[in-house]
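>>> What would the 3D arrangement of this be:
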Amino acid sequence: MQVDETLIRNVVEQVLAKVGKNGAAPAAAAPAGGGSYAGRFGMFTCANEAVAASREAFEELSGITMEGRKRIIDHIRRI
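Okay, the predicted model is just below:
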């Protein structure tokens with residue numbers, strides 16, 4: 001499969017249409033003093049939120065065994 005600008009545009013249009021149909025918008029920033037970025041699906045209002053979410057994910061994934069990581073990778077490959 002060749003990835004080109006047209007393919008990317010189509011995917012973005014489909015995602016935006018799906019988000020619009022559900023009335024969903026990017027979630028608000030995590031509450032001060034704690035909270036979670038889970039469910040944001042990579043949609044952040046600024047780079048600081050994205051960095052904080054990546055840190056949160058790193059901390060969560062650090063506790064997973066190698067077998068658990070292999071299952072995650074296998075799942076991503078199937079997708």
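>>> Could you list the low-pLDDT ranges of this protein?
The model of the chain has pLDDT under 70 over residues 1, 20-35.
>>> Helices along that one, start to end?
Applying DSSP state H to the chain gives helices spanning 5-22, 47-62, 66-78.
>>> Deepest-packed of the ones you listed, please.
Scoring these by mean neighbour count under mean count of other CB atoms under 10 Å gives helix 47-62 as the most buried, with a mean of 12. Backbone N, C-alpha and C define where each C-beta goes, glycine included.
>>> Who are the packing partners of that helix?
Contact here means 3 or more CB pairs under 8 Å, 6 or more residues apart in numbering; DSSP states H and E; on that basis helix 47-62 packs against no helix or strand.
>>> quick one on the thing from earlier: include distance to Tyr37 when you put the helices of the chain into CSV, please.
What follows is these, written out as CSV (distance: least, CB to CB, whole Å):
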stretch, distance to Tyr37
helix 5-22, 17
helix 47-62, 4
helix 66-78, 18
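>>> and of these, who's closest to Arg40?
Nearest to Arg40, of all these, is helix 47-62, at 6.4 Å by CB to CB.
>>> Put the alpha carbons of that closest one into CSV.
In CSV, the C-alpha atoms belonging to helix 47-62 read as follows (Å, rounded to 0.1, in the frame of the first residue of the first chain):
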residue,chain,number,x,y,z
ALA,A,47,2.3,20.3,23.5
ASN,A,48,2.5,20.4,27.3
GLU,A,49,-0.6,18.1,27.5
ALA,A,50,0.8,15.7,24.9
VAL,A,51,4.1,15.5,26.9
ALA,A,52,2.2,14.9,30.2
ALA,A,53,0.1,12.2,28.5
SER,A,54,3.1,10.5,27.2
ARG,A,55,4.7,10.5,30.6
GLU,A,56,1.5,9.1,32.1
ALA,A,57,1.5,6.3,29.4
PHE,A,58,5.2,5.6,30.0
GLU,A,59,4.6,5.2,33.7
GLU,A,60,1.7,2.9,33.1
LEU,A,61,3.4,0.7,30.5
SER,A,62,6.6,0.5,32.6
